[in-house]
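[1] coords below, sequence missing:
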RNA sequence: GGGGAGAUACUCAAGCGGCCAACGAGGCUUGACUGUAAAUCAAGUGCGGAAUGCUUCGGAGGUUCGAAUCCUCCUCUCCCCA
């Protein structure tokens, strides 16, 4: 294998590699010693839904696996058990052991849609973190200074804005770095927001007498709002575990501006220049849906989407709702069908013209409805329910 | 340890005794329009079969005919000094 060529492949889509010389060196070394490089990737177990933003680094990992290297998929369960990691100032309820294990299983199911199971090792950092003594922690903390900690962007920003930073938050980058030491990572892959943490890991490894890991930084994908990074807490994410139609639909809803980003980062190809944004978006949505659910599902989702939103017809599957009464107040019906969370909201939807019964708009909030089995209730553009008379749901 | 500032709905942020279910912005929902769950524009955004109704402005008490607004204590945060 030509090392330059290997480097070329690894370089695709990256923002930065620290450093290419070191990487080249490692590739050569690994080859001559006939060993695989250990590629670390850290995941936060408190949000177990893998979304398209994660798939950018995951695809890079897959590539590295194809080049013969081994991925160490680290689940930061220890850090999550303590609570709030960096970022938002809200204290998140710490996860229990069971939550962590459940989330880890969820991860496992999802990541192997992309990664090669045979070349992946799943590890939890509680394994070595839990047994650390206070003296170990103090020693670890002595490797770094407050001033250097405050170099980190989000720390300095919060500090300047006079927002609280707890002492334990300073420990997270240290623990992350220590993970690299324990795992003897050769390479670490992550988004550009991890730059600081990764650099710290390199320093720690040096202090512990190891070769520092090579850092591969990848771009951060914007969410469906087209502005902020894709994340679960911002609600602008597309999970790879969501239904095909949902993935397809959410992709259709991204702003035109970021189409090229999605093409480059998710499909690895440039956005077609000569087709209309609509056509380009359709292709993007279909191809990405196909990656996770197969071509058949991609095609079906496209059809379904156009059926519902362009031709405004009914979807294939509509959830059934059993209603006891024969005659019912419309407001109550919406609440019963779980299409509105309160009667007040139901009333609002009706008045605003967002409620259709058998394709007829109902604007009278006082209306009493005589129910028939199979009636179709529609709220907004994409929430449907089919009425079933009497009995239990099912 | 001393002194000062602050905590308001999903988020940011006004209000500082009645006109406050609480300005405004973002988000979200709905509608119009559209190639789209895009952009733009408009409306809505605590609960209640609706009543001068009920529950809300960090928590607990108190003053008052009346409190998000005043007082006391508590919890948490930020700043300055040591």
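    Structure received. All values derive from a computational prediction rather than experimental measurement. Residues are numbered from 1 along each chain as shown, chains lettered A, B, ... in the order given.
[2] can you tell me which residues contact residue A:116?
    A:62, A:65, A:66 (Cβ atoms under 8 Å, 6 or more residues apart in numbering). From N, CA and C alone the C-beta is placed, and that goes for glycine too.
[3] relative to RNA strand B, how far out is it?
    31 Å (Cβ to the nearest atom of the strand, to the nearest Å).
[4] cool, and residue A:128?
    29 Å.
[5] hmm, residue A:182 and that residue touching each other?
    Yes: applying Cβ atoms under 8 Å, one finds residue A:128 in contact with residue A:182, separated by 5.1 Å.
[6] for stretch A:191-203, buried residues please.
    Neighbour-count burial for stretch A:191-203 flags A:191, A:194, A:195, A:196, A:197, A:198, A:199, A:200, A:201, A:202 (criterion: 16 or more other Cβ atoms under 10 Å).
[7] next one, pLDDT for residue A:319 please.
    In this model, residue A:319 is scored at 90, pLDDT.
[8] how many residues are close by the closest residue to it other than its chain neighbours?
    Distances taken as Cβ to Cβ, 6 or more residues apart in numbering place residue A:385 nearest to residue A:319, at 5.8 Å, with adjacent residues excluded. Neighbour count of residue A:385, defined by other Cβ atoms under 10 Å: 21.
[9] give me phi/psi at the residue nearest in space to the middle of chain A?
    Nearest to the mean C-alpha position of chain A, by Cα atoms, centre = their mean, lies residue A:51 at 2.7 Å. Per-residue torsions, residue A:51: phi -120, psi 180 (degrees, to the nearest 10).
[10] quick one: contacts for it?
    Neighbouring residues of residue A:51 by Cβ under 8 Å, 6+ apart: A:230, A:231, A:232, A:237, A:238, A:239, A:240.
[11] tell me what it is bridged to.
    Residue A:51 forms beta bridges with residue A:239, as assigned by DSSP bridges.
[12] could you measure from it over to RNA strand B?
    The spacing between residue A:51 and RNA strand B, counted by Cβ to the nearest atom of the strand, is 14 Å.
[13] surely residue A:12 is in contact with residue A:268?
    Yes: look at residue A:12 against residue A:268 with Cβ under 8 Å: they come within range, at 7.4 Å.
[14] buried stuff in stretch A:378-390?
    A:378, A:379, A:383, A:384, A:385, A:386, A:387, A:388.
[15] which stretches of chain A form strands?
    For chain A, the strands defined by DSSP state E cover A:16-18, A:38-43, A:70-75, A:120-124, A:187-191, A:214-218, A:320-323, A:327-329, A:355-357, A:360-361, A:368-370, A:376-379, A:383-389.
[16] which one of these lies nearest to RNA strand B?
    strand A:327-329 (3.2 Å; Cβ to the nearest atom of the strand).
[17] what packs against that closest one?
    Judged by 3 or more Cβ pairs under 8 Å, 6 or more residues apart in numbering; DSSP states H and E, the packing partners of strand A:327-329 are strand A:368-370.
[18] give the other helices and strands that the strand it packs on contacts.
    Using 3+ Cβ pairs under 8 Å, 6+ apart: strand A:368-370 touches strand A:327-329, helix A:330-336.
[19] can I get the strands of chain A in TSV with distance to RNA strand B?
    Listed next are those as TSV, based on distance: least, Cβ to the nearest atom of the strand, whole Å:
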stretch	distance to RNA strand B
strand A:16-18	30
strand A:38-43	25
strand A:70-75	27
strand A:120-124	29
strand A:187-191	22
strand A:214-218	25
strand A:320-323	13
strand A:327-329	3
strand A:355-357	7
strand A:360-361	8
strand A:368-370	7
strand A:376-379	6
strand A:383-389	6
